[in-house]
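[1] next come a sequence and a model predicted from it.
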Amino acid sequence: MLHHLNLDEILFIDIETVPLVPEFTKLNERWQQLWVSKMQYQISNGESVDELYDRAGIYAEFGRIICISAGYVVQKQGEPWFRVKSFYDDDEKKLISNFFNALQRFGKAGKRRLCAHNGQEFDFPYISRRALVNDLDLPKVLDVAGSKPWEIKDVLIDTLQLWKFGDYKHYTSLSLLCELFNIPTPKDDIDGSQVAKVYWEDKDLDRIVKYCEKDTLAVANLLLKYKGDKTIPFENMESVA
């Protein structure tokens with residue numbers, strides 16, 4: 001599967017997001033009303049809309065990006081390694097701008113495709129939407145509005161979509177696929193549901209960055225499994241300052 005895919009052209013990415021403010025009561029009245037309207041059909045089991053605010057980070061209108069990790073596969077002494085660079089900041093506009101500048105450099109180096117897990121429904125549109133909110137121009141690889149589906153798939157690779165094999169109803173998490181394919185994942189780290197707490201309460205962005213980088217490697221390893229190639233152990237991941 002995917003034997004034709006050239007790894008040298010692929011930049012693997014993962015993003016971490018949080019709600020715009022720590023809790024529902026910190027929103028002004030208008031934004032509270034908008035959140036209530038957004039969540040009116042999501043309430044179940046006696047939940048209230050303010051209790052659902054923990055989910056705000058998954059919506060680009062109510063959340064923001066705090067980290068983007070980008071990595072690629074290299075060969076060192078005959079072994080595959082993963083080189084990753086993270087873009088993180090409390091200033092979202094600065095973070096995204098730095099990432100876009102890096103995309104230009106990666107593009108010149110021949111990396112013209114992006115790959116993420118559930119990227120088509122989350123990472124790619126989320127980055128694009130938050131870029132527009134911050135008055136930033138989209139790089140060519142993300143400027144896909146109006147493009148045909150096959151044109152998007154040529155530059156934006158999604159390991160979830162590849163696993164679906166055309167089944168649009170089926171969602172499988174990255175962690176489940178890693179377990180299924182025996183891909184090593186960190187057992188002593190946070191998970192996505194804890195990111196907002198670690199950011200707003202613990203104020204530990206560095207911990208989130210490390211988690212994001214490991215998820216980026218997991219995406220790369222999943223694609224390597226699809227291709228029938230050797231996966232990359234955590235010891236072979238190097239972070240670029």
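    Yep, that arrived. Numbering: from 1, shown residues only.

[2] tell me the domain boundaries of this protein?
    Taking automatic domain parsing as the reference, the chain has its domains at 7-15+71-240, 21-61.

[3] can you redo those as TSV with mean pLDDT and mean neighbour count?
    (Glycine included, C-beta is placed from N, CA and C.) Shown next, in TSV, are these (pLDDT from 0 to 100; neighbours: other CB atoms under 10 Å):
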stretch	mean pLDDT	mean neighbour count
domain 7-15+71-240	91	17
domain 21-61	89	14
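
[4] do you have the strands of the protein handy? List them.
    Per DSSP state E, the chain carries strands over the ranges 10-19, 63-76, 79-88, 113-116, 156-158, 237-240.

[5] would you reformat those strands as a markdown table and include distance to Thr216?
    Formatted as a markdown table, those follow (distance: least, CB to CB, whole Å):
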| stretch | distance to Thr216 |
| --- | --- |
| strand 10-19 | 4 |
| strand 63-76 | 4 |
| strand 79-88 | 6 |
| strand 113-116 | 9 |
| strand 156-158 | 13 |
| strand 237-240 | 9 |
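
[6] which one of these lies nearest to Leu132?
    With respect to Leu132, and counting by CB to CB, the nearest of those is strand 63-76 at 12.7 Å.

[7] alpha carbons of that closest one, as PDB, please.
    Extracted in PDB, the C-alpha atoms of strand 63-76 (Å, rounded to 0.1, in the frame of the first residue of the first chain):
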ATOM      1  CA  GLY A  63     -10.300  27.900  20.500                       C
ATOM      2  CA  ARG A  64      -6.800  28.700  19.400                       C
ATOM      3  CA  ILE A  65      -3.500  26.900  18.600                       C
ATOM      4  CA  ILE A  66      -0.800  26.700  21.200                       C
ATOM      5  CA  CYS A  67       1.600  24.300  19.400                       C
ATOM      6  CA  ILE A  68       2.300  23.000  15.900                       C
ATOM      7  CA  SER A  69       4.900  20.300  15.500                       C
ATOM      8  CA  ALA A  70       6.300  19.400  12.100                       C
ATOM      9  CA  GLY A  71       8.700  16.600  11.400                       C
ATOM     10  CA  TYR A  72      10.200  14.500   8.500                       C
ATOM     11  CA  VAL A  73      12.000  11.200   8.000                       C
ATOM     12  CA  VAL A  74      15.700  11.200   7.400                       C
ATOM     13  CA  GLN A  75      18.300   8.500   7.000                       C
ATOM     14  CA  LYS A  76      21.300   8.400   9.400                       C
END
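
[8] and Arg112, what are its phi and psi?
    Here is the backbone geometry of Arg112 (degrees, to the nearest 10): phi -100, psi 0.

[9] surely it touches Asn6?
    No. The criterion here is CB atoms under 8 Å, and Arg112 misses it with Asn6 at 9.8 Å.

[10] can you pull the contacts of Asp163?
    Residue 163: Trp, not Asp. Contacts for Trp163 were tallied using CB atoms under 8 Å, 6 or more residues apart in numbering; they are 170, 172, 177.

[11] equivalent analysis for Val74, please.
    Taking CB under 8 Å, 6+ apart as the criterion, Val74 is in contact with 80-83.

[12] right, I'll call it a day here.
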